[in-house]
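Engineer: generate a structure from the sequence data that follows.
(one chain, ligands or ions: 3)
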Amino acid sequence: MLLPLAWRAAARRLSRDLPRACGCSAQGPSPRGYSRGASGKGLVLGIYSSEKDEGAAQFTSAGDAFDRLVSGKLRELLSLCGPPLKKGKTRVFHGLHQDFPSVVVVGLGKKNAGINDQENWNEGKENIRAAVAVGCRQLQDLEIPCIEVDPCGDAQAAAEGAVLGLHEYNELKQKKKPVVTPQLHGSAGSEAWQKGVTYAEGQNLARYLMEAPANHITPIKFAEHIEQKLRSFSNVKVHIRPESWIATQQMGAFLSVAKGSAEPPIFLEIHYSGGANTNDSPLVFVGKGVTFDSGGISLKPSSGMDAMRADMGGAATICSAIVTAAALNLPLNIIGLAPLCENMPSGKANKPGDVVRAKNGKTIQVDNTDAEGRLLLADALCYAHDFNARAIVNAATLTGAMDVALGSAATGVFTNSSWLWTHLYEASIVTGDRVWRMPLFEHYTKQVTDCPLADLSNIGKYSRAGGACTAAAFLKEFVTAPHWAHLDIAGVMSNKDEVPYLRKGMAGRPTRTLVEFATRLSQDSHSTK
Ligand code: BES
Ligand code: ZN
Ligand code: ZN
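Structural biologist: Ligands and ions are numbered 1, 2, ... in the order given. Next comes the predicted model:
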């Protein structure tokens, strides 16, 4: 908003006498013609709404300190501007302080917001993420390259809001949005801030890989990108397994999908040894890595097919979670397995009715070539059993039916382990990237094992009914481990405007929940019950 002239003059007079607080070097006039001063930083400050509708809004401690620095002018200006700011609403002030020529104040909602057990998340953290994202974007729109952010009492959530909120895929456009670097305002909570930045950068890596076009992120390019991210860690080994290795592993189900494409498949295998002992049982992550899913001979409709460049979201989120775990130096061992290929129609592609043999010897009738994810995962899950895992967790954009069931509210979790469920669920309350438990009933198993030519059909016999559940029941046929969870992430693959701190596009969910889960597992070193 524009300030009255008298206020602007007063603010300028005031700012001449105030000490400098930071050392950002950006200069130049702001878009509205106010001088940015020597530093040119923007500042995002939170403000709580009052308990009673009419009551005065309450600053955070950073807001209070800044208001004292400008002799109470911020509070006065805010009250002149109208009623207290509602959650997620902002006001911008220019020229209040020479070190912060532009200040955005953003509504945080109620001060005492915490865990909401109807919503299954920490509302206070979600409010901070959303508010900080809005504030940072507003300053980005003003082309302010350097932003300080109020920790709002939870520096990790604030950092996540800033780094997730500013992310955008603009690699291939000549005209790019200005790069903005958010920093913590003040010194309180710098460790938590850094952790939040690392968590958010992890999710942004998954978003980047998912958003990128399929001709840029092919199986080999995906593997090389992850390898490059992990190159600096001496306790990480990356194996990029070629087609010949996949064949010697007798991964016939995976290969049957891959052979329809001109692009060679890759089996990506990552070993992160952060545990006290390199032979401590690892957490094994498995991710579906279909870099483009056309449906194959059971071709998908052309409208919206481009979104299937993100059908490697399972691989992207698990690999990004491992990159993040390495950056955080988490004290546990993690193995990541990502079968990567394209699903294309061609003279070599799977045909409906074909029968293929998975690594564990089970035969599968491919009744629909578009149900390809479970074929890749069947072999990868068999291989996952070679590592004496503490837990096996797979993520996959597996079924449109998952999106129908839960939409983008939560990842569907199918698990044979209540211990594993509890850890995933508790992690998701903290991250706000929620999970919801789904059934693994025998009821669904019968619908995939009743098959004319093979041990299993790759679709349920009642076709669309319970599609996410029959897919999970199919995967269960390749699992003997006592602690396994399948995360169907098809519904959370992309964001329109549901998650306020993510822009429209591929969402990289639930990377932060996987990281938080791994963190909790590393603190719970012996219990698996
Ligand atoms: N990759 C899709 C699932 C998907 C759909 C992910 C929408 C994200 C958004 C998967 O390979 C697929 O096509 N599944 C079929 C299974 C069906 C043929 C039994 C589906 O969901 O329609
Ligand atoms: Zn498919
Ligand atoms: Zn798919």
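
Engineer: buried sites along stretch 329-345?
Structural biologist: 330, 332-345 (16 or more other C-beta atoms under 10 Å). C-beta coordinates here come from the backbone N, C-alpha and C atoms, glycine included.

Engineer: among the residues you listed, which lie within strands?
Structural biologist: 333-343 (DSSP state E).

Engineer: so Ala65 touches Ser187, yeah?
Structural biologist: No. Assessed by C-beta atoms under 8 Å, Ala65 is found out of contact with Ser187, at 11.7 Å.

Engineer: neighbour count winner among the two?
Structural biologist: Ala65 (14 against 8; other C-beta atoms under 10 Å).

Engineer: what about the nearest residue to that one once chain neighbours are set aside, how many residues close to it?
Structural biologist: In space, and not counting its chain neighbours, Ala65 is closest to Gly186: 7.5 Å by C-beta to C-beta, 6 or more residues apart in numbering. When neighbours are defined as other C-beta under 10 Å, Gly186 has 17 of them.

Engineer: now for Gly186: which residues touch it?
Structural biologist: Contacts for Gly186 (C-beta atoms under 8 Å, 6 or more residues apart in numbering) come out as 62, 65, 151.

Engineer: mind telling me what element the second one is part of?
Structural biologist: It stands for Ala65. Secondary structure from DSSP states H and E places Ala65 in helix 61-69.

Engineer: quick one: average confidence on that helix?
Structural biologist: In this model, helix 61-69 carries a mean pLDDT of 96.

Engineer: buried sites along it?
Structural biologist: For helix 61-69, by 16+ other C-beta under 10 Å, it's 62-63, 66-67, 69.

Engineer: so the residue in the chain that ligand 2 sits nearest to: helix, strand or coil?
Structural biologist: Closest to ligand 2 within the chain is Asp370: 3.8 Å, counting by C-beta to the ion. Of the three states, Asp370 takes coil under DSSP: H, G, I helix; E, B strand; the rest coil.

Engineer: per-residue pLDDT, it?
Structural biologist: 98.

Engineer: check which helix or strand covers the nearest residue to it once chain neighbours are set aside.
Structural biologist: Of all residues not flanking Asp370 in the chain, Gly295 sits nearest, at 3.9 Å (C-beta to C-beta, 6+ apart). For Gly295, there is no enclosing helix or strand under DSSP H and E.

Engineer: dump the residue contacts of Tyr208.
Structural biologist: Tyr208 is in contact with 169, 171, 508, counting by C-beta under 8 Å, 6+ apart.

Engineer: contacting residues around the closest residue to the first one other than its chain neighbours?
Structural biologist: Nearest-residue entry for Tyr169: Glu211, 4.1 Å, with adjacent residues in sequence omitted and distances by C-beta to C-beta, 6+ apart. By C-beta under 8 Å, 6+ apart, the contact set of Glu211 is 169, 309-310, 505-506.

Engineer: what do you get if the cut-off is 7 Å, keeping everything else the same?
Structural biologist: 169, 505-506 (C-beta atoms under 7 Å, 6 or more residues apart in numbering).

Engineer: for ligand 3, state which of those is nearest.
Structural biologist: Closest to ligand 3, out of all of these and judged by C-beta to the ion, is Met506, at 14.4 Å.

Engineer: now do the phi/psi pair for the nearest residue to that closest one once chain neighbours are set aside.
Structural biologist: Counting by C-beta to C-beta, 6+ apart, Met506 lies nearest to Met210, which is 3.6 Å off, once chain neighbours are set aside. Main-chain dihedrals, Met210, degrees, to the nearest 10: phi -70, psi -40.

Engineer: you'd agree Met210 is up against Ala315?
Structural biologist: No. With contact defined as C-beta atoms under 7 Å, Met210 does not count as touching Ala315 (9.5 Å).

Engineer: same drill for these two, tell me which one is more crowded.
Structural biologist: Neighbour tally, Met210 and Ala315, criterion other C-beta under 10 Å: the higher count belongs to Ala315, 35 against 27.

Engineer: how about the residues of the stretch 151-300 of the chain that lie near ligand 3?
Structural biologist: 290, 293 (C-beta under 5 Å from the ion).

Engineer: for the contacts of Tyr208, which single residue is the most surrounded?
Structural biologist: Gly508 (32 neighbours).

Engineer: check the gap between it and Tyr199 for me.
Structural biologist: 11 Å (C-beta to C-beta, to the nearest Å).

Engineer: got the buried residues for stretch 175-194?
Structural biologist: 180, 182-186, 189, 192-194.

Engineer: where does the nearest residue to Thr218 once chain neighbours are set aside sit: helix, strand or coil?
Structural biologist: Excluding the flanking residues, the one nearest Thr218 by C-beta to C-beta, 6+ apart is Glu263, at 5.1 Å. Taken by three-state DSSP, the conformation at Glu263 corresponds to coil.

Engineer: same question, the one 4 residues further on
Structural biologist: Classification of Phe267 using three-state DSSP returns strand.

Engineer: same question for Gly314.
Structural biologist: Gly314 ends up helix, using three-state DSSP.

Engineer: hang on, it packs against Lys288?
Structural biologist: Yes. Here Gly314 reaches Lys288: they are 3.7 Å apart, a contact under C-beta under 7 Å.

Engineer: identify the contacts common to the two.
Structural biologist: 396-397.

Engineer: follow-up on the earlier one: CA atoms of the helix holding Ala65 as CSV?
Structural biologist: Extracted as CSV, the C-alpha positions of helix 61-69 are listed here (Å, rounded to 0.1, in the frame of the first residue of the first chain):
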residue,chain,number,x,y,z
SER,A,61,9.1,-11.0,18.9
ALA,A,62,11.0,-10.0,15.7
GLY,A,63,8.1,-7.8,14.8
ASP,A,64,8.1,-6.2,18.2
ALA,A,65,11.9,-5.6,18.0
PHE,A,66,11.5,-4.0,14.5
ASP,A,67,8.6,-1.8,15.7
ARG,A,68,10.8,-0.6,18.6
LEU,A,69,13.6,0.1,16.1
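
Engineer: what is the subsequent helix or strand relative to the helix or strand bottoming out on mean pLDDT in the chain?
Structural biologist: Scoring the helices and strands of the chain by mean pLDDT, DSSP states H and E places helix 5-16 at the bottom, with a mean of 41. Heading C-terminal from helix 5-16, the first helix or strand you meet, by DSSP H and E, is strand 41-49.

Engineer: packing partners of that next one?
Structural biologist: Packing partners of strand 41-49 (3 or more C-beta pairs under 7 Å, 6 or more residues apart in numbering; DSSP states H and E): strand 58-59, helix 61-69, strand 100-110, helix 123-141, strand 146-149.

Engineer: what angle do that strand and helix 123-141 make?
Structural biologist: Interaxial angle, strand 41-49 versus helix 123-141 (axes from the mean of the first three to the mean of the last three C-alpha atoms, to 10 degrees): 150 degrees.

Engineer: now do strand 41-49: everything it contacts.
Structural biologist: 22, 24, 57-60, 62-63, 66, 84-87, 99-100, 102-111, 131-132, 135-136, 139, 144, 146-150, 152, 185.

Engineer: same check on stretch 217-235?
Structural biologist: When contacts are defined by C-beta under 7 Å, 6+ apart, stretch 217-235 is touched by residues 205, 209, 236, 238, 240, 263-266, 268, 270, 272-274, 289, 291, 312, 315, 319, 323, 326, 340-341.

Engineer: returning to what we had before: for the helix holding Ala65, packing partners?
Structural biologist: Partner elements for helix 61-69 (3+ C-beta pairs under 7 Å, 6+ apart): strand 41-49, helix 73-80.

Engineer: repeat the analysis, applying 8 Å as the threshold.
Structural biologist: strand 41-49, helix 73-80, strand 100-110 (3 or more C-beta pairs under 8 Å, 6 or more residues apart in numbering; DSSP states H and E).
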